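# curious how this folds, go ahead:
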Amino acid sequence: MHFSTKRNTTRWIIITSSFCLVSLILWNTYSFFQVFKEEERIKMNLWAHAQKTLINADANTDVALPLLIFSNNTSIPILLTEQERIINTVNIDPVIINNPLKAQLFLEQLKNENDPITIAYAPGKIQKLYYGNSALLNQLKYYPVALLLIIVLFAALVFNYYKSAKIATQNKLWAGMAKETAHQIGTPLSSLIGWVELLKTEDVAESTTLEIEKDIERLQTITDRFSKIGSEPVLETKDIVAETLLSYDYLQSRFSKQITFSHSAPDKCIPVALNATLHSWTIENMVKNAIDAMKGKGSLHLQIEEDGAAVKISITDTGSGIPKNLFQKIFEPGFTTKKRGWGLGLSLTKRIVEEYHKGNIKVLHSEVGKGTTMQLVYIIN
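The predicted structure is shown next:
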């Protein structure tokens with residue numbers, strides 16, 4: 001039997017056993033409740049008989065036992081009525097008894113809790129005994145609810161633990177795959193660098209070798225990115241304007257002329273604690289997402305602006321737009337609106353921006369069919 005099948009079988013056995021155990025506890029609690037309720041009914045019948053005995057008692061009647069029965073009831077609330085008039089109370093707050101409206105409401109409550117006991121102490125003379133549940137019985141009544149809440153909380157805790165463990169395992173797997181990819185790319189990349197040096201000695205146009213070198217540098221950057229996954233990146237004070245435009249200009253030269261690139265940025269240095277490699281990855285992901293949203297044709301505008309102690313980078317496209325209810329969901333791992341793709345780009349970007357650079361990323365504005373503006377915010381050093 002396959003390992004995963006065994007694991008699923010074990011999981012279902014545990015779930016079924018837990019369900020049976022919970023059902024047994026609830027059934028047992030309900031049984032106890034019914035037993036205690038019946039015992040209290042018996043006590044009230046004895047109390048009614050004692051009341052009848054006292055009413056009909058004469059000088060020769062032994063009232064010691066009825067009085068003992070009365071004195072032993074210290075927990076069950078009782079209202080004794082005759083012709084719908086309250087004539088006696090036991091174990092009831094005086095505040096209720098002294099207020100006719102509250103007393104009547106309490107009487108209605110007791111009527112709903114238990115059936116009354118009729119005391120016919122003489123022909124045509126009838127009293128009715130209304131009683132409620134004792135404090136112990138009320139506690140037992142709510143015990144199953146408390147038990148269910150505890151079980152739900154425990155199940156949520158276990159689920160959260162296994163989910164966190166699964167995510168941690170997946171993260172380790174992806175980090176290992178990324179580092180292995182970076183290692184595998186390194187070998188042919190070193191060979192390409194050697195071939196470029198050889199081309200320089202041949203009669204090859206300098207512009208050609210220059211473009212090849214740019215692409216090789218890009219591959220080195222990509223390799224560096226993958227090697228950093230799963231490790232805490234080193235942040236250095238960099239000019240975020242220069243770093244952003246460097247990545248933006250590179251992408252502009254590599255995409256179709258059907259995309260109109262434009263930008264506006266301050267003509268000065270804005271120092272920010274950055275990991276240049278990961279910031280470049282962030283800009284690339286956002287630009288590629290914007291181009292995908294425009295299906296390879298439209299206008300793309302990058303804006304960098306200083307706002308007090310922060311710098312804001314906005315990327316606006318003329319693509320398909322994002323519905324408002326998906327503004328947060330697009331950053332979740334695995335979520336994608338594309339036919340192809342794993343939905344990791346924006347979730348990775350969010351992690352780079354918010355966890356590593358302590359910045360913020362959000363959908364600033366979007367309108368379906370007209371376009372989207374994404375915004376990054378970083379703190380200035």
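# quick one: the strands in this protein, in order.
For the chain, the strands defined by DSSP state E occupy 78-82, 85-90, 117-122, 125-131, 236-239, 259-264, 271-274, 298-307, 310-317, 360-367, 371-379.
# residue 205 is nearest to which of those?
Checking the strands of the chain against residue 205 by C-beta to C-beta gives strand 259-264 as the closest, at 25.6 Å. For every residue, glycine as well, the C-beta is placed using N, CA and C.
# and that closest one, what does it pack against?
With contacts taken as 3 or more C-beta pairs under 8 Å, 6 or more residues apart in numbering; DSSP states H and E, strand 259-264 sits against helix 240-254, strand 298-307.
# low-confidence stretches in this structure?
The chain contains residues with pLDDT under 70 at 1-8, 169-180, 182-184, 186-187, 225, 228-231, 334-335, 337-344.
# give me the domain ranges for it.
3-133, 160-231, 233-379 (automatic domain parsing).
# spatially central, which residue of the protein would that be?
With distances taken as C-alpha atoms, centre = their mean, the residue of the chain nearest its centroid is residue 160 (9.6 Å).
# export the domains of the chain to JSON lines and tack on distance to residue 140?
Compiled in JSON lines, the domains of the chain are given as follows (distance: least, C-beta to C-beta, whole Å):
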{"stretch": "domain 3-133", "distance to residue 140": "5"}
{"stretch": "domain 160-231", "distance to residue 140": "31"}
{"stretch": "domain 233-379", "distance to residue 140": "45"}
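# please work out which of the ones you listed is packed deepest.
domain 233-379 (a mean of 17; mean count of other C-beta atoms under 10 Å).
# ends of that one, what's the gap?
Distance across domain 233-379, first residue to last, is 17 Å (C-alpha to C-alpha, to the nearest Å).
# ok, stretch 94-106 next?
12 Å.
# outside of it, which residues touch it?
79, 86, 89, 92 (C-beta atoms under 8 Å, 6 or more residues apart in numbering).
# circling back to that earlier point, pipe the helices and strands packed on strand 259-264 into a markdown table and attach distance to residue 368 per row.
Formatted as a markdown table, these follow (distance: least, C-beta to C-beta, whole Å):
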| stretch | distance to residue 368 |
| --- | --- |
| helix 240-254 | 25 |
| strand 298-307 | 15 |
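# which stretches of the stretch 51-200 of the chain form helices?
Assigned by DSSP state H, counting those that start in this stretch, the helices in the stretch 51-200 of the chain fall at 64-72, 94-97, 100-113, 135-201.
# now the ones you listed as a markdown table including distance to residue 360?
Shown next, in a markdown table, are the helices of the stretch 51-200 of the chain (distance: least, C-beta to C-beta, whole Å):
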| stretch | distance to residue 360 |
| --- | --- |
| helix 64-72 | 69 |
| helix 94-97 | 56 |
| helix 100-113 | 55 |
| helix 135-201 | 22 |
